[in-house]
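> Build me a model from this:
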Amino acid sequence: MIIVDLKPDNVSQALCCQFNKSYWIGAVEERKKFLLWRLNEGKVRGKIAVEREKKLGWIDYYPKPNGWVRIGCIDVLKENYGTGIGRALINACLDDCRRTKGVIVGATVWDHMPKGFFKKCGFLTLTRKRTYRLWQ
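Residues are numbered from 1 along each chain as shown. Now for the predicted structure:
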(Lines give C-alpha, C1' and ligand atoms only; values in the text may rest on other atoms or scores of the structure.)
Protein backbone atom coordinates (compact mmCIF):
# COMPACT_ATOMS: atom_id res chain seq x y z
CA MET A 1 0.00 0.00 0.00
CA ILE A 2 1.13 3.52 -0.76
CA ILE A 3 -0.50 6.81 0.16
CA VAL A 4 -0.57 9.50 -2.52
CA ASP A 5 -1.64 13.13 -2.47
CA LEU A 6 -5.08 14.08 -3.74
CA LYS A 7 -4.61 15.78 -7.14
CA PRO A 8 -6.86 16.74 -10.04
CA ASP A 9 -5.81 13.66 -12.00
CA ASN A 10 -6.79 11.21 -9.21
CA VAL A 11 -9.79 13.01 -7.72
CA SER A 12 -12.09 10.30 -9.11
CA GLN A 13 -10.63 7.97 -6.48
CA ALA A 14 -11.82 10.28 -3.68
CA LEU A 15 -15.56 9.99 -4.15
CA CYS A 16 -17.44 8.46 -1.23
CA CYS A 17 -20.81 8.27 -2.90
CA GLN A 18 -19.92 5.83 -5.67
CA PHE A 19 -22.97 3.63 -5.88
CA ASN A 20 -24.47 2.04 -8.94
CA LYS A 21 -27.91 3.46 -8.32
CA SER A 22 -28.96 6.02 -10.91
CA TYR A 23 -29.83 8.72 -8.36
CA TRP A 24 -26.20 8.81 -7.11
CA ILE A 25 -24.71 9.66 -10.52
CA GLY A 26 -25.48 13.37 -10.11
CA ALA A 27 -24.11 13.40 -6.55
CA VAL A 28 -20.85 11.79 -7.66
CA GLU A 29 -20.41 14.36 -10.44
CA GLU A 30 -21.14 17.25 -8.06
CA ARG A 31 -18.65 15.90 -5.50
CA LYS A 32 -16.01 15.61 -8.22
CA LYS A 33 -16.64 19.20 -9.39
CA PHE A 34 -16.48 20.44 -5.80
CA LEU A 35 -13.15 18.72 -5.10
CA LEU A 36 -11.63 19.97 -8.36
CA TRP A 37 -12.77 23.53 -7.59
CA ARG A 38 -11.37 23.41 -4.02
CA LEU A 39 -8.09 21.82 -5.21
CA ASN A 40 -7.70 24.56 -7.81
CA GLU A 41 -8.14 27.18 -5.07
CA GLY A 42 -5.77 25.37 -2.70
CA LYS A 43 -8.56 24.95 -0.15
CA VAL A 44 -8.58 21.17 0.12
CA ARG A 45 -5.87 18.61 0.61
CA GLY A 46 -6.17 14.89 0.81
CA LYS A 47 -4.58 11.47 0.64
CA ILE A 48 -5.56 8.29 -1.17
CA ALA A 49 -4.41 4.83 -0.11
CA VAL A 50 -3.81 2.66 -3.17
CA GLU A 51 -2.41 -0.75 -3.95
CA ARG A 52 -1.62 -1.67 -7.55
CA GLU A 53 -3.69 1.36 -8.66
CA LYS A 54 -6.76 0.13 -6.74
CA LYS A 55 -8.25 2.59 -4.26
CA LEU A 56 -8.35 1.24 -0.70
CA GLY A 57 -9.51 4.42 1.03
CA TRP A 58 -9.07 8.17 1.15
CA ILE A 59 -9.30 11.27 3.33
CA ASP A 60 -9.86 14.93 2.52
CA TYR A 61 -9.20 17.88 4.82
CA TYR A 62 -9.69 21.61 4.63
CA PRO A 63 -7.29 24.27 5.97
CA LYS A 64 -9.26 27.01 7.71
CA PRO A 65 -8.25 30.71 7.78
CA ASN A 66 -7.84 30.51 11.59
CA GLY A 67 -4.97 28.00 11.29
CA TRP A 68 -6.92 24.82 12.07
CA VAL A 69 -7.58 22.01 9.60
CA ARG A 70 -10.95 20.22 9.43
CA ILE A 71 -11.26 16.66 8.19
CA GLY A 72 -14.10 16.64 5.70
CA CYS A 73 -14.36 12.94 5.01
CA ILE A 74 -12.50 9.68 5.43
CA ASP A 75 -13.64 6.53 3.73
CA VAL A 76 -12.16 3.03 3.64
CA LEU A 77 -13.70 0.32 1.50
CA LYS A 78 -15.60 -2.08 3.77
CA GLU A 79 -13.52 -5.08 2.71
CA ASN A 80 -10.48 -3.21 4.09
CA TYR A 81 -11.89 -2.41 7.55
CA GLY A 82 -9.52 -3.37 10.36
CA THR A 83 -6.41 -3.51 8.16
CA GLY A 84 -4.84 -0.22 9.31
CA ILE A 85 -5.69 1.77 6.19
CA GLY A 86 -7.86 4.27 8.07
CA ARG A 87 -5.18 4.85 10.69
CA ALA A 88 -2.54 5.23 7.95
CA LEU A 89 -4.69 7.88 6.26
CA ILE A 90 -5.21 9.74 9.55
CA ASN A 91 -1.46 9.63 10.24
CA ALA A 92 -0.70 10.94 6.73
CA CYS A 93 -3.18 13.78 7.31
CA LEU A 94 -1.69 14.63 10.71
CA ASP A 95 1.83 14.54 9.27
CA ASP A 96 0.74 16.87 6.45
CA CYS A 97 -0.81 19.27 8.99
CA ARG A 98 2.07 19.47 11.48
CA ARG A 99 2.57 23.21 10.90
CA THR A 100 -1.05 24.09 11.68
CA LYS A 101 -2.80 24.74 14.99
CA GLY A 102 -4.28 21.23 14.83
CA VAL A 103 -6.80 18.97 13.17
CA ILE A 104 -10.50 18.82 14.04
CA VAL A 105 -13.27 16.52 12.87
CA GLY A 106 -17.03 16.38 13.15
CA ALA A 107 -17.38 12.68 13.98
CA THR A 108 -20.68 10.78 14.14
CA VAL A 109 -22.16 7.75 15.86
CA TRP A 110 -22.88 6.16 12.46
CA ASP A 111 -20.65 4.07 10.18
CA HIS A 112 -19.59 7.17 8.24
CA MET A 113 -17.02 9.22 10.18
CA PRO A 114 -17.41 7.11 13.36
CA LYS A 115 -16.49 8.77 16.63
CA GLY A 116 -14.99 5.56 18.03
CA PHE A 117 -12.50 5.35 15.17
CA PHE A 118 -11.26 8.88 15.77
CA LYS A 119 -10.96 8.22 19.52
CA LYS A 120 -8.76 5.18 18.75
CA CYS A 121 -6.58 7.51 16.66
CA GLY A 122 -6.10 9.87 19.61
CA PHE A 123 -8.75 12.50 18.94
CA LEU A 124 -10.58 13.98 21.92
CA THR A 125 -14.27 14.67 22.40
CA LEU A 126 -14.52 18.37 23.12
CA THR A 127 -17.39 20.40 24.50
CA ARG A 128 -17.83 24.13 24.84
CA LYS A 129 -18.24 23.78 28.61
CA ARG A 130 -14.57 23.00 29.30
CA THR A 131 -11.25 24.58 28.51
CA TYR A 132 -8.73 22.20 26.94
CA ARG A 133 -4.99 22.46 26.91
CA LEU A 134 -3.76 20.38 24.01
CA TRP A 135 -0.06 21.33 23.92
CA GLN A 136 2.35 22.24 26.65
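> Where do the strands of this structure begin and end?
Ranges of strands in the chain, per DSSP state E, are 2-5, 45-51, 54-63, 68-76, 102-105.
> Check which residues of the first one are buried.
Applying a neighbour-count criterion of 16 or more other Cβ atoms under 10 Å, one finds residue 3 buried in strand 2-5. Just so you know, the C-beta spots here come from the backbone N, C-alpha and C atoms, and that holds for glycine as well.
> Determine the set of other helices and strands touching it.
Counting contacts by 3 or more Cβ pairs under 8 Å, 6 or more residues apart in numbering; DSSP states H and E, strand 2-5 is packed against strand 45-51, helix 85-96.
> Give me the below-cutoff pLDDT ranges for this protein.
Scanning the chain for pLDDT under 70 picks out the ranges 16-23, 128-136.
> tell me the angle of the longest helix seen in it relative to strand 68-76?
Among all segments of the chain classified by DSSP state H, the helix with the greatest residue count is helix 25-41. If you take axes from the mean of the first three to the mean of the last three Cα atoms, to 10 degrees, helix 25-41 sits at 140 degrees to strand 68-76.
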